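Asker: what shape does this take:
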Amino acid sequence: MDEIAQVLARYTYAIDTGDWDRLDEVFTEDAVLDYTSAGGIKGSRAEAKAWLAEVLGAWPGRLHLIGAASVEITGDEAVVVASFTDTLSPSRQMILAGTPGLIQGGGYYHHRLRRTELGWRSRELVEEQAWRTIT
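Answerer: Residues are numbered from 1 along each chain as shown. Next up is the predicted model:
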């Protein structure tokens with residue numbers, strides 16, 4: 001379970017810091033990432049990395065929090081559903097809560113993980129956006 005929690009933590013750290021190559025430590029090479037519920041793409045790991053770098057560059061202040069996670073392990077496969085909240089800010093400096101461009105939201109990450117020789121890796125991510133506010 002701790003190894004799977006580390007996969008989720010690496011994902012949020014990569015997204016929040018813009019360390020897109022760290023996603024290689026989260027996803028298998030053949031992984032499919034689906035951000036369509038949030039208006040994004042569904043594509044390969046490489047396509048998702050390029051898309052995330054392009055889109056999230058407009059919000060240098062990013063923070064994800066992973067909440068309760070349900071983990072079901074069967075052999076070398078795991079199904080994980082984890083709640084999340086995120087904030088996207090147009091600045092890394094202190095700004096007023098009503099500043100245009102501030103986005104907050106939340107939902108669920110649905111992962112299908114596989115145990116590999118490098119540890120657990122996600123082979124599929126589906127983001128299920130539950131709510132979003134934009135100022």
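
Asker: after the longest helix seen in the chain comes which helix or strand?
Answerer: Longest helix in the chain, counting residues (DSSP state H): helix 2-17. Next along the chain after helix 2-17, taking DSSP states H and E as the criterion, comes strand 27-34.

Asker: packing partners for that following strand?
Answerer: strand 42-44, helix 45-56, strand 119-134 (3 or more Cβ pairs under 8 Å, 6 or more residues apart in numbering; DSSP states H and E). For every residue, glycine as well, the C-beta is placed using N, CA and C.

Asker: try it again at 6 Å.
Answerer: In terms of contacts (3 or more Cβ pairs under 6 Å, 6 or more residues apart in numbering; DSSP states H and E), strand 27-34 is packed against helix 45-56, strand 119-134.

Asker: what number of residues lie near the nearest residue to residue 14 once chain neighbours are set aside?
Answerer: Spatial nearest neighbour of residue 14, excluding adjacent residues (Cβ to Cβ, 6 or more residues apart in numbering): residue 22 at 3.8 Å. Per other Cβ atoms under 10 Å, the neighbour tally for residue 22 reads 15.

Asker: surely residue 22 is in contact with residue 12?
Answerer: No - using Cβ atoms under 6 Å, residue 22 is not in contact with residue 12; the gap is 10.3 Å.

Asker: now the common contact residues for those two.
Answerer: With contacts defined as Cβ atoms under 6 Å, 6 or more residues apart in numbering, no residue is adjacent to both residue 22 and residue 12.

Asker: lovely, talk soon.
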